[in-house]
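**Student:** sequence isn't available, so here's the structure alone:
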């Protein structure tokens, strides 16, 4: 009597079928939020608190007035919140791995990358919600666009594109981590220094020269510059906004090209 083995994922799943599988798995993740609405509060309360705290606690000391600081800080806050929301991709993926969901998927002719892409696609819905939430709170506090609705939409699209790429970093962490708690620990350990050593909260010119060199090449600073230019239209950015936008897209492409294959490879080794 032979022992039954779980068949490997079929390597012959075509791109179109893999895309359909990804969308199906993405819908599964979105539906879970409807059954567990408290999940939305996890990434809704924190950004509201951050906007309020940084505006009213640090605004007067840094910019001289809370309104001036809100105008400077809010585009960077949207960027920062986008990065932290990507951690939920890794946490959710790790939960599926530890609870055996991927073991069940292995018995089906599902593309190896479909569960990962599906999780990231569902994350775009959460990203869109968090961006609208932060901007809405900021506008209630007095933030106003310096450009146009088209500029704002351009910033939102740029943020979603970058989130799509950066989510693969969270996916890789979610695959290699032993449990969801370790995903969160890694995220805070890595993302807090990356966001705070940038121009999200203060101008780079106020930092020591050796630190400015890192801030200037930090992709978070570059993305923040692009969002400020698209939202505010400050004369400092006018005419030069295309530079940080293009650089942000290049960074997104590099991150995607590096971490997407690594994530698929790590998943193959784990399952």
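**Tutor:** Okay, I see it. None of the values given here were measured: they were computed from a predicted structure.

**Student:** hey, where'd the helices end up in the stretch 1-150 of the chain?
**Tutor:** When secondary structure is read from DSSP state H, counting those that start in this stretch, the stretch 1-150 of the chain shows helices at 15-35, 38-42, 45-53, 59-63, 66-85, 87-98, 101-105, 114-141, 149-176.

**Student:** and the fifth one, average pLDDT?
**Tutor:** In this model, helix 66-85 carries a mean pLDDT of 91.

**Student:** just send the helices of the stretch 1-150 of the chain back as a markdown table, with distance to residue 228 and mean neighbour count too.
**Tutor:** Using the backbone N, CA and C atoms, a C-beta is placed for each residue, glycine as well. Output for those, formatted as a markdown table (distance: least, C-beta to C-beta, whole Å; neighbours: other C-beta atoms under 10 Å):
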| stretch | distance to residue 228 | mean neighbour count |
| --- | --- | --- |
| helix 15-35 | 31 | 15 |
| helix 38-42 | 27 | 12 |
| helix 45-53 | 16 | 15 |
| helix 59-63 | 14 | 16 |
| helix 66-85 | 5 | 23 |
| helix 87-98 | 24 | 23 |
| helix 101-105 | 40 | 15 |
| helix 114-141 | 13 | 20 |
| helix 149-176 | 9 | 21 |
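
**Student:** with distance to residue 210 added, can I get those helices in JSON lines?
**Tutor:** Formatted as JSON lines, those follow (distance: least, C-beta to C-beta, whole Å):
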{"stretch": "helix 15-35", "distance to residue 210": "43"}
{"stretch": "helix 38-42", "distance to residue 210": "37"}
{"stretch": "helix 45-53", "distance to residue 210": "28"}
{"stretch": "helix 59-63", "distance to residue 210": "21"}
{"stretch": "helix 66-85", "distance to residue 210": "22"}
{"stretch": "helix 87-98", "distance to residue 210": "29"}
{"stretch": "helix 101-105", "distance to residue 210": "45"}
{"stretch": "helix 114-141", "distance to residue 210": "31"}
{"stretch": "helix 149-176", "distance to residue 210": "26"}
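
**Student:** please identify which of those helices is closest to residue 233.
**Tutor:** For residue 233, the closest of those is helix 149-176, at 6.7 Å, according to C-beta to C-beta.

**Student:** now find how far off-centre the following helix or strand past the closest one is within its chain.
**Tutor:** Next helix or strand after helix 149-176 toward the C-terminus (DSSP states H and E): helix 180-196. How far helix 180-196 lies from its chain's middle: 12 Å, per C-alpha atoms, centre = their mean, to the nearest Å.

**Student:** report the buried residues of helix 180-196.
**Tutor:** 180, 182-184, 186-187, 191, 195 (16 or more other C-beta atoms under 10 Å).

**Student:** phi and psi next, for residue 143.
**Tutor:** phi -70, psi 140 (degrees, to the nearest 10).

**Student:** and it, how many residues sit next to it?
**Tutor:** Residue 143 has 23 neighbouring residues, counting by other C-beta atoms under 10 Å.

**Student:** what distance do you get for it to residue 220?
**Tutor:** Using C-beta to C-beta, to the nearest Å, residue 143 is found at 20 Å from residue 220.

**Student:** circling back to that earlier point, can you list the buried residues of helix 180-196 in CSV and add pLDDT and distance to residue 171?
**Tutor:** Output for the buried residues of helix 180-196, formatted as CSV (pLDDT from 0 to 100; distance: C-beta to C-beta, whole Å):
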residue, pLDDT, distance to residue 171
180, 79, 13
182, 83, 14
183, 84, 10
184, 81, 15
186, 81, 13
187, 77, 12
191, 87, 15
195, 90, 20
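
**Student:** spatially, which two of those residues are the most separated?
**Tutor:** For the buried residues of helix 180-196, and using C-beta to C-beta, no pair is farther apart than 180 and 195, which are 21.4 Å apart.

**Student:** could you give the angle of the helix or strand containing residue 264 to helix 66-85?
**Tutor:** Secondary structure from DSSP H and E places residue 264 in helix 242-270. Helix 242-270 and helix 66-85 meet at an angle of 30 degrees, taking axes from the mean of the first three to the mean of the last three C-alpha atoms, to 10 degrees as the criterion.
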